[in-house]
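Colleague: Build the 3D model from these lines:
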Amino acid sequence: MNCPHCNAPLETGTAICPKCGTPVPPDAPQSGQQSAPAPQPGAPQSGQQSAPAPQPGAPQSGQQSAPQQEAQGKSGFDVKVTKDKVLAKVKTLPFYPVLRKYWYVVAGVFVLLIVICMFGSCGGGDGSEEFGKAYDYALEGNDKKADKYMRKSAEKGYAKAQLIIGDDYLKNGKTKEGLKWLEKAAKQDNKEAIMELGEYYAKEKEYDTAIEYYRKAADLGSSRAKRIIKELESKSKSKSRYDDDEDDWDDEDDWDD
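Modeller: Numbering: from 1, shown residues only. Predicted structure coming up:
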């Protein structure tokens, strides 16, 4: 082995060089031997092949080539729409100043529409399904649920449910509510609701109004309404349209329609 300082030959196990006095490390290289150079960072290890140097302009790992980027840009999948671009687009709309000034009104209307759709007529269907459920619950004796689904059916515009609710209100002395629901059913040409309204106004001795409802029922095919019209017109001094149609309104088969 040699002294690492003066390269003087030393015997194995010598701790201090006798020539220069330099301490000798235990792992100093033997005489005639050279220490292996330290591996450089990134250099390939023994038995490994070095990676080829990247060519100028070639895409790096994980990157797309220019043709790929161009194709993707044309397809629109890689287009990033930023908040500023969207806001700039909105500002070009003609109603933007009004929207900015009265945004809380727009928001309120939007919320109101959602509430109407949740609890109003946006629930879907014409109310026949709810009417069927109300009928089933009534047969089971569950009046609470029957009333609940009957009202839902009426609110969705089902004429039979509107007739039942209106008639129930009239029987319980809630005249205003009863007439309101009967009117809704009558507007859908529900003959029974029209007859109910005619009967109500006849009892109130508002004969002209009663006759109007009975005439509408008669036009829908009720011969019983025609008989009542003749009686009421004699009280209101109004000529009957059915005086020349005796065979129709004297038909005994239609007393209960």
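Colleague: helices or strands up against the helix or strand that contains residue 181?
Modeller: Here residue 181, judged by DSSP states H and E, is contained in helix 175-186. Applying 3 or more Cβ pairs under 8 Å, 6 or more residues apart in numbering; DSSP states H and E, we find helix 175-186 packed against helix 159-171, helix 191-203. No exception for glycine: its C-beta is placed from N, CA and C like everyone else's.
Colleague: Make TSV from those and add distance to residue 139 and mean neighbour count to it.
Modeller: Output for the helices and strands packed on helix 175-186, formatted as TSV (distance: least, Cβ to Cβ, whole Å; neighbours: other Cβ atoms under 10 Å):
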stretch	distance to residue 139	mean neighbour count
helix 159-171	14	21
helix 191-203	21	21
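Colleague: Can I get the ones you listed in TSV including distance to residue 125 and mean pLDDT?
Modeller: Below are the helices and strands packed on helix 175-186 laid out as TSV (distance: least, Cβ to Cβ, whole Å; pLDDT from 0 to 100):
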stretch	distance to residue 125	mean pLDDT
helix 159-171	12	93
helix 191-203	21	93
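Colleague: In a markdown table: those helices, plus distance to residue 213.
Modeller: Output for the helices and strands packed on helix 175-186, formatted as a markdown table (distance: least, Cβ to Cβ, whole Å):
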| stretch | distance to residue 213 |
| --- | --- |
| helix 159-171 | 13 |
| helix 191-203 | 4 |
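Colleague: Tell me where the stretch 51-200 of the chain has strands.
Modeller: Secondary structure of the stretch 51-200 of the chain (DSSP state E, counting those that start in this stretch): no strands present.
Colleague: buried ones in the longest helix that the chain contains?
Modeller: Looking across the chain with DSSP state H, the single longest helix is helix 103-119. Going by neighbour count (16 or more other Cβ atoms under 10 Å), nothing in helix 103-119 comes out as buried.
Colleague: Could you do stretch 221-232 as well?
Modeller: Neighbour-count burial for stretch 221-232, counted by 16+ other Cβ under 10 Å, picks out 222, 223, 224, 225, 226, 227, 228, 229, 232.
Colleague: Tell me where this structure has helices.
Modeller: 66-75, 83-91, 96-101, 103-119, 128-140, 143-155, 159-171, 175-186, 191-203, 207-219, 223-236, 246-249.
Colleague: Great, nothing more from me.
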